[in-house]
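Generate coordinates for the sequence data below:
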Amino acid sequence: MKIMDILVRDAVVLDLASATKHDVIGEMARALASSEARLDADRLLEVLLERESLQSTGIGEGVAIPHGKLPGLDRLLASFARSRPGVDFESIDGQPTHLFFLLVVPEHSGGQHLKALARISRFFRDAAFRKRLLEAEALEDVFQAIEEEDAKF
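The predicted structure follows:
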């Protein structure tokens with residue numbers, strides 16, 4: 001599975017307006033729902049916050065991967081967002097989070113869900129990749145970085 005196959009280009013937010021964890025998730029949910037007609041922003045937000053209440057999806061190194069399972073969805077969907085100033089996302093390392101990769105999967109996605117999370121996590125372990133995303137000036141720079149990372153695996 002390639003990340004570019006599930007990334008919804010129109011839902012990418014290069015400069016988040018939000019300054020809190022809850023608001024970041026809401027802003028990303030609204031962006032994804034406005035790009036995918038079958039999604040309801042409120043229901044998506046509810047699912048993401050429910051998952052987040054179990055444990056923060058802030059994995060450290062300035063990265064968070066909010067995710068959730070949504071009934072009625074027929075395929076995996078993802079979006080990317082960035083906050084240059086950073087947000088307190090209750091990450092495991094206690095550092096501000098700058099890069100967010102939201103993943104929504106069908107309720108009964110099984111192993112596909114875990115494979116997508118593992119692939120995204122692997123991408124973000126690469127400090128050079130994180131730096132490219134932080135420094136990207138345009139959406140096309142972000143897409144190019146993700147496409148190149150996709151090609152490595």
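
Show me the strands in the chain, by range?
58-60, 63-64, 67-70, 77-87, 97-106 (DSSP state E).

So which of those strands is nearest residue 11?
Counting by C-beta to C-beta, residue 11 lies closest to strand 77-87 out of those; the figure is 3.8 Å. In short, each C-beta sits where N, CA and C put it, glycine included.

now the angle from the closest one to strand 97-106?
Relative orientation of strand 77-87 and strand 97-106, computed by axes from the mean of the first three to the mean of the last three C-alpha atoms, to 10 degrees: 160 degrees.

re earlier: could you single out the most deeply buried of the strands of the chain?
strand 63-64 (a mean of 26; mean count of other C-beta atoms under 10 Å).

residues in contact with that one?
The contact list for strand 63-64 (C-beta atoms under 8 Å, 6 or more residues apart in numbering) reads 24, 56-58, 89, 91, 97-101, 124, 130.

Of all the residues in stretch 26-40, which ones are buried?
26-33, 36, 39 (16 or more other C-beta atoms under 10 Å).

Among the residues you listed, which one sits closest to residue 13?
residue 31 (5.4 Å).

From residue 97, how far out is the closest one?
17 Å (C-beta to C-beta, to the nearest Å).

Okay, now the unreliable bits of the chain?
Within the chain, no stretch has pLDDT under 70.

For the protein, just list every one of the helices.
Ranges of helices in the chain, per DSSP state H, are 3-6, 21-35, 41-54, 111-125, 127-135, 139-152.

Would you mind measuring from the residue positioned nearest the centre of the chain to residue 37?
The residue lying closest to the centre of the chain (C-alpha atoms, centre = their mean) is residue 101, at 1.5 Å. Note on residue 101: its distance to residue 37, by C-beta to C-beta, is 22 Å.

who's in contact with the residue nearest to residue 68 when sequence neighbours are not counted?
Closest residue in space to residue 68, ignoring its immediate chain neighbours: residue 47 at 3.9 Å, by C-beta to C-beta, 6 or more residues apart in numbering. By C-beta under 8 Å, 6+ apart, the contact list for residue 47 reads 68-70, 104.

and if you look at residue 2?
residue 150.

got it, and residue 31?
10-13, 79, 81.

ok, for residue 56, nearest residue in space, not its chain neighbours?
Residue 56 sits nearest to residue 90 (C-beta to C-beta, 6+ apart), 4.0 Å away.
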